[in-house]
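In: let me see the structure of the following:
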Amino acid sequence: MEGARITVLLEAEGVIDTIRGRGSPSLSFTHPTEMVGRKSQYTSDRTIMISSDKAACDLDRKLIAALKSSNTKLNVQIIVEV
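Out: Take a look at the predicted model:
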């Protein structure tokens, strides 16, 4: 949706990181297994937000370290404000 603000909260092993972006009428959310937040305006069936304030390389290094274990569970919360 045009103008929607999207916030993604990632939590693993007590480490939380927040990513903020926006929505677009071009977002279809149709990919069955993958979600991508993009810093650019590009959209595909995997795109959940555009104009993100972070890329993968910007995520908290403690979160990345926690995710290296195959036993770690990642909790993802997606908040959409219209």
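In: how far is stretch 45-61 from where the chain is centred?
Out: Computed by C-alpha atoms, centre = their mean, to the nearest Å, the chain-centroid distance of stretch 45-61 equals 5 Å.
In: again, but for stretch 56-64
Out: 12 Å.
In: tell me which residues are up against it.
Out: If you take C-beta atoms under 8 Å, 6 or more residues apart in numbering as the criterion, stretch 56-64 is touched by Leu10, Ala12, Val15, Ile16, Asp17, Ile19. From N, CA and C alone the C-beta is placed, and that goes for glycine too.
In: among those residues, which lie within strands?
Out: Those of the contacts of stretch 56-64 mapping onto strands are Leu10, Ala12, Val15, Ile16, Asp17, Ile19, per DSSP state E.
In: chain neighbours aside, what residue packs nearest to the first one?
Out: The one in question is Leu10. Asp17 (4.9 Å; C-beta to C-beta, 6 or more residues apart in numbering).
In: the one you found touches Asp53, doesn't it?
Out: No - at 11.1 Å, Asp17 does not count as touching Asp53 under the criterion of C-beta atoms under 8 Å.
In: Glu13 - how many residues pack around it?
Out: 15 (other C-beta atoms under 10 Å).
In: swap in Pro32?
Out: 6.
In: ok, which stretches of the protein are strands?
Out: Using DSSP E, strands in the chain cover 5-12, 15-22, 36-37, 47-49, 75-81.
In: buried residues in the first one?
Out: By neighbour count with 16 or more other C-beta atoms under 10 Å, strand 5-12 contains the buried residues Ile6, Val8, Leu10, Glu11, Ala12.
In: pretty sure the second one is touching Val36, no?
Out: No - distance between Val8 and Val36: 10.9 Å, which falls outside the contact criterion (C-beta under 8 Å).
In: now for these two: what residues contact both?
Out: Once C-beta under 8 Å, 6+ apart is applied, the residues that Val8 and Val36 both contact turn out to be Ile48.
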